[in-house]
Every structure is written in C-alpha cells, then in structure tokens.
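[1] Next input, structure requested:
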Amino acid sequence: MPAKPRRLFSLYAITWRLPIIIWQFIFFVGPVLFMVAMSFFLVRNYRMTEAFEFVNWSKMLSRGYFWDSYWYTIFIAAAATVCAMCIAFPAAFALAFRASDATRRWAIFLLIIPFFTSYLVRTFSWFVILSESGVVNGMLGYVGLGPYTMLNTNFGTLVGYMTLTLPLVVILQTVTMANIDKNLIEAARNLGCKPLATIWQVILPLSKTGLIIAAIFCFILSFGDFVAPFYLGGSQEPTLPILILDTTKSGQQWPRAAVVAIMMMGTLFAIAFTGIALAYRKRKGAK
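    Now for the predicted structure:
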C-alpha cells in the first residue's frame, strides 16, 4: 500500500505548541514590534507623538558617542567571554574527567547556589573586596604592594561580568565534557596521544557545540548587563545599556533609546545565530 502523505499541519502538534507560540507573541514579538514602531516616534514638549520619521535613527547613528559605546560594549563583553571560557575550562575539565559522579553533582549544585541570591547584592559585595581599603588591597599590603584602584575601572566591570556568567559557563562546560565517551579518550592515549594533544584533538572537537553555546550565553549576558559597568565600572566608558538610561533621562527621549535597544538586539541576534551555525556545522566529510 502506498504510504499516506504527511500532513503539513498536525492539529495535535499545534495544540501543544500553541501556548508557547501565544506566550512568545505576547511577551516577545509584541514588545519588539512596539519598540520598533516607537523608534520612529517624535518627542515634543517631553511627550511622545506618533509619527513615522527617521530623525531618531539618523541622529543616534550619526553620533560618535553611540559608536564609541557600541564598540566598547562589544569589546568588554567579548573580553569577559574569553576570560570566563578560559577560567571555566580547567574547573570543568577537572569536574568532568577527574571528579566522581557524586562530587560533580555537588559541585554543580554549589555553582547553582549563587543564582539563589540577587545579582545586585552579589555585585555590591565586591565593593568590600575591591575597594582601596578592601580585602584584596589589605592582603597585598602585607607583602608591600598596593593599594590598587580596582573599582570604577574596566577590571571592575570584568569582575562583575564574571560574577554573573562564570558559574553558568562552568556548568555548561562540565555537562558538555561529562557526556563525552571516555573510550575515545582512552583510545587516543593508547595510540600515543599526549595529554595536551588529547585535549586539542579529541576533547575540544567533541565538546565544540557545548563550548560555543556557553560562550554565546556569556556574551549575551555580558553585552546586555547594566549593573556591572554602572556600579563596578563607574560608567567611565558607558556601555549601551547605560546609554539607554542616559538617553531616557535626557528629555524623555524614549524613541532614541529604542534605537539603541534595537541595535543591541540586532547585534545579539547576529552573533547568536552565527555562533549556533558554527556550533552545529558538520565537518567536511562527516555524515
């Protein structure tokens, strides 16, 4: 008997998918469309009026301070991503290949605990640690070093980003490497592959997808974070989230702030889709 043609739309599948579709339209697509529309509004006498003008786009995209903030935000988020990935990898490697299953479960649980507290509270705790009379400078003073200025600097911003992203990156890397078939690693060692070569030629390729996803999450969270650059970085070089705040305070310019937000979302979408494409791209010759 000839096989029945597959229906393009399954009522059963659509029924189960409908709630998440409705949720996305109400709480994501709808606000995004409104923000795009608002970017064409005009502000007159501190009140927004409906219009379809490109004034906000031309003024924001022609300002040097916008592009300074744009490239600085990308740079500091990329630096945070590189630092988080490099710091997390040894810890994740040890948990995945050196620790027992029970130790790994407890370690992941302990890494989740910081998310039980407010990120703002965790950020403010760094004031006690990084201030010129804080814990770090106090310890350095015993060996005749310091005091060093760590707050209101790029270093302070990076510390805040690490506070936000590092536990998540360690968890993602650990879960990814823990799922690697250990027989492949043993086979590489039996064939004479040295430890560093095993990491480079076996472990990294097999965990590529998870590592890239972890990097994407880290970059997205850092790129859109307002707390760390504002409180620990001191807004010395404003990032795009800080620029949005400053723009809304300047004459209630919500349409211009919407332009900045749309540029942020467009950048994040481009980076996220590029990273996902690289993560799931098959190597040449692989089936």
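[2] does Leu110 belong to a helix or a strand, and which?
    helix 101-112 (DSSP states H and E).
[3] now Leu221
    helix 208-223.
[4] Not counting its own residues, what contacts that helix?
    73-74, 76-78, 80-81, 84-85, 88, 161, 164-165, 168-169, 172-173, 175-177, 204, 228, 240, 264, 267-268, 271-272, 275-276, 278-280 (Cβ atoms under 8 Å, 6 or more residues apart in numbering). Backbone N, C-alpha and C define where each C-beta goes, glycine included.
[5] That one: how far from the chain's middle?
    How far helix 208-223 lies from its chain's middle: 6 Å, per Cα atoms, centre = their mean, to the nearest Å.
[6] roughly how far is whatever helix or strand comes next after that helix from the heart of the chain?
    Downstream of helix 208-223, the next assigned helix or strand under DSSP H and E is helix 227. Relative to its chain's centre, helix 227 lies at 14 Å (Cα atoms, centre = their mean).
[7] elements contacting helix 227?
    helix 119-130 (3 or more Cβ pairs under 8 Å, 6 or more residues apart in numbering; DSSP states H and E).
[8] got the buried residues for the very next helix or strand once past the helix it packs on?
    The first helix or strand that comes after helix 119-130 along the chain, using DSSP H and E, is helix 135-141. Buried positions in helix 135-141, judged by neighbour count with 16 or more other Cβ atoms under 10 Å: 136-137.
[9] How about residues contacting helix 135-141?
    Helix 135-141 is contacted from outside by 128-131, 146-148, 150, using Cβ under 8 Å, 6+ apart.
[10] Of these, which count as buried by neighbour count?
    Buried among the contacts of helix 135-141 by 16+ other Cβ under 10 Å: 130-131, 150.
[11] hmm, back to that, in TSV, list the contacts of helix 135-141 along with pLDDT.
    Below are the contacts of helix 135-141 laid out as TSV (pLDDT from 0 to 100):
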residue	pLDDT
Val128	87
Ile129	91
Leu130	91
Ser131	88
Gly146	75
Pro147	84
Tyr148	88
Met150	91
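[12] Give me the spatial nearest neighbour of Tyr148, chain neighbours excluded.
    Closest residue to Tyr148 apart from its sequence neighbours, by Cβ to Cβ, 6 or more residues apart in numbering: Asn137 at 6.3 Å.
[13] same question, Lys59
    Closest to Lys59 by Cβ to Cβ, 6+ apart is Arg256, at 6.8 Å.
[14] Check Met35 too.
    Excluding its sequence neighbours, the residue lying closest to Met35 (Cβ to Cβ, 6+ apart) is Ala258, at 4.9 Å.
[15] The one you found is in what secondary structure piece?
    With DSSP H and E as the test, Ala258 turns up in helix 254-279.
[16] just checking, what packs against that helix?
    Short answer (3+ Cβ pairs under 8 Å, 6+ apart): helix 254-279 packs on helix 30-38, strand 42-44, helix 55-61, helix 64-97, helix 208-223, helix 240-249.
[17] In contact with the closest residue to Ser69 other than its chain neighbours, which residues?
    Take Ser69 and drop its neighbours on the chain: the residue closest to it by Cβ to Cβ, 6+ apart is Leu243, 4.8 Å away. For Leu243, the contact set (Cβ under 8 Å, 6+ apart) comprises 65-66, 69, 260.
[18] try it again with 10 Å
    When contacts are counted by Cβ atoms under 10 Å, 6 or more residues apart in numbering, Leu243 touches 60, 63, 65-66, 68-70, 72-73, 235, 256-257, 260-261, 264.
[19] Which members of those are classed as buried?
    60, 66, 69-70, 72-73, 256-257, 260-261, 264.
[20] Between those residues, which sits nearest Thr198?
    Thr73 (37.1 Å; Cβ to Cβ).
[21] quick one: that closest one and Gln201, what's the gap?
    The gap separating Thr73 from Gln201 is 35 Å, by Cβ to Cβ, to the nearest Å.
[22] Likewise for Lys282?
    Separation of Lys282 from Gln201 (Cβ to Cβ) stands at 17 Å.
[23] can you check Tyr46 too?
    For Tyr46 relative to Gln201 (Cβ to Cβ), the value is 62 Å.
[24] how about CSV for the contacts of helix 135-141, with distance to Ala99 added?
    Output for those, formatted as CSV (distance: Cβ to Cβ, whole Å):
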residue, distance to Ala99
Val128, 31
Ile129, 28
Leu130, 31
Ser131, 35
Gly146, 35
Pro147, 38
Tyr148, 35
Met150, 32
